[in-house]
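Q: sequence first, predicted model second:
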Amino acid sequence: MNAKYSGQCLCGEISYSVDIEPVFTGNCHCKDCQRSSGSAFIPAMIFLEKDVVVSGEIKYFESQADSGNMHKRGFCPNCGSQLFARFSNMPGMLGIKAGTLNDSSNYVPKLDFYVGSASPWDFMNPELPKKQGAAQS
């Protein structure tokens, strides 16, 4: 794929591409993102779902977010790589985990959010704005 943004899961069974800039980019430090990724945060990009071309069958796991909204995390049923996110309060939007990009240098976060939940060992870029809670509040 020769798109502006393209990526895939670990085994290559699921791939995606999108040729437009994301609506939002930021690093989420909430506890759910920490648990689901096994890391300090998830680097996230949000696109209009209609603009993202996905190849392969994704499985979704749904849970309730800190906000009370429902959050669906999309992953590869073969290798378990988490690639996508859908949010009940953002219909028509699709989150993409920037760590799955083929060229992650294209990812430029604009914000660290849910920093109130960040682990004490989580080093954040001091130049990025910080929000204690949700990005959109």
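A: Noted; the coordinates are in hand. Residues are numbered from 1 along each chain as shown.
Q: look up how far Asp103 lies from the residue nearest to Glu49 when sequence neighbours are not counted.
A: Distances taken as C-beta to C-beta, 6 or more residues apart in numbering place Leu94 nearest to Glu49, at 4.0 Å, with adjacent residues excluded. Heads up, the C-betas are built off the backbone N, CA and C, glycines and all. Distance of Leu94 to Asp103, given as C-beta to C-beta, to the nearest Å: 19 Å.
Q: compute the number of surrounding residues for the residue lying closest to Lys4 once chain neighbours are set aside.
A: Excluding its sequence neighbours, the residue lying closest to Lys4 (C-beta to C-beta, 6+ apart) is Asp19, at 5.0 Å. For Asp19, the count of nearby residues is 13 (other C-beta atoms under 10 Å).
Q: again with Pro129
A: 12.
Q: pLDDT wise, what is it at?
A: If you check Pro129, the pLDDT there is 96.
Q: same question for the one 5 residues further on.
A: According to the predicted model, the pLDDT of Ala134 comes to 86.
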